[in-house]
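Colleague: heads up, no residue letters with this:
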């Protein structure tokens with residue numbers, strides 16, 4: 001197992017279960033994945049270590065933005081996660097994206113950005129669960145028959161765990177059906 005694969009597996013697990021709770025991690029991992037995905041295309045012929053360093057720097061910048069400029073960082077992370085997820089989905093379905101990979105990435109990015117802008121908490125939970133499951137799937141070596149079932153199962157488990165954390169941290173305040181205090 002390469003060091004890049006090890007980092008990807010650990011980050012996938014953390015995102016799957018703690019993406020919303022540690023939103024800065026979600027933003028940092030989105031930057032890391034974007035760096036890991038785009039660096040080989042932008043600077044071809046570089047070593048794995050160079051590409052990993054670029055990805056780590058992108059992740060650190062993302063995490064720093066998440067802490068300093070939360071709203072902007074979340075929108076950027078939504079864009080990066082949406083772009084990565086749509087690109088991965090198109091490849092997993094079996095389409096070749098060698099002609100225009102950037103167009104597919106941008107379309108997915110816009111969808112991810114809009115989801116985060118409209119449904120902030122749930123979008124982070126869902127996108128981080130999808131991103132975490134997407135990072136873990138290559139390590140499971142699942143055949144194509146069960147690939148989507150396992151992927152969906154991981155996503156649903158991640159959403160359930162994260163929604164449970166979120167619900168405990170921000171419990172719903174029930175005000176209906178109570179007697180007035182007077």
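Modeller: Yes, it's here. Bear in mind the structure is a predicted one, so any value in this text is a computation, not a measurement.
Colleague: can you name the helix or strand that the closest residue in space to residue 21 that isn't next to it in sequence falls in?
Modeller: Distances taken as C-beta to C-beta, 6 or more residues apart in numbering put residue 165 closest to residue 21, at 5.1 Å, once the chain neighbours are dropped. (C-beta placed from N, C-alpha, C; glycine too.) Applying DSSP states H and E as the criterion places residue 165 in helix 144-169.
Colleague: how many residues are close by the residue nearest to residue 21?
Modeller: Residue 165 has 16 neighbours, counted by other C-beta atoms under 10 Å.
Colleague: how close does it get to residue 54?
Modeller: With distances taken as C-beta to C-beta, to the nearest Å, residue 165 is found 32 Å from residue 54.
Colleague: one more: residue 135?
Modeller: 18 Å.
Colleague: helices or strands up against the particular helix or strand that has residue 31 in it?
Modeller: Under the criterion of DSSP H and E, residue 31 resides in helix 23-42. Helices and strands touching helix 23-42, by 3 or more C-beta pairs under 8 Å, 6 or more residues apart in numbering; DSSP states H and E, are helix 3-18, helix 48-68, helix 70-93, helix 120-140.
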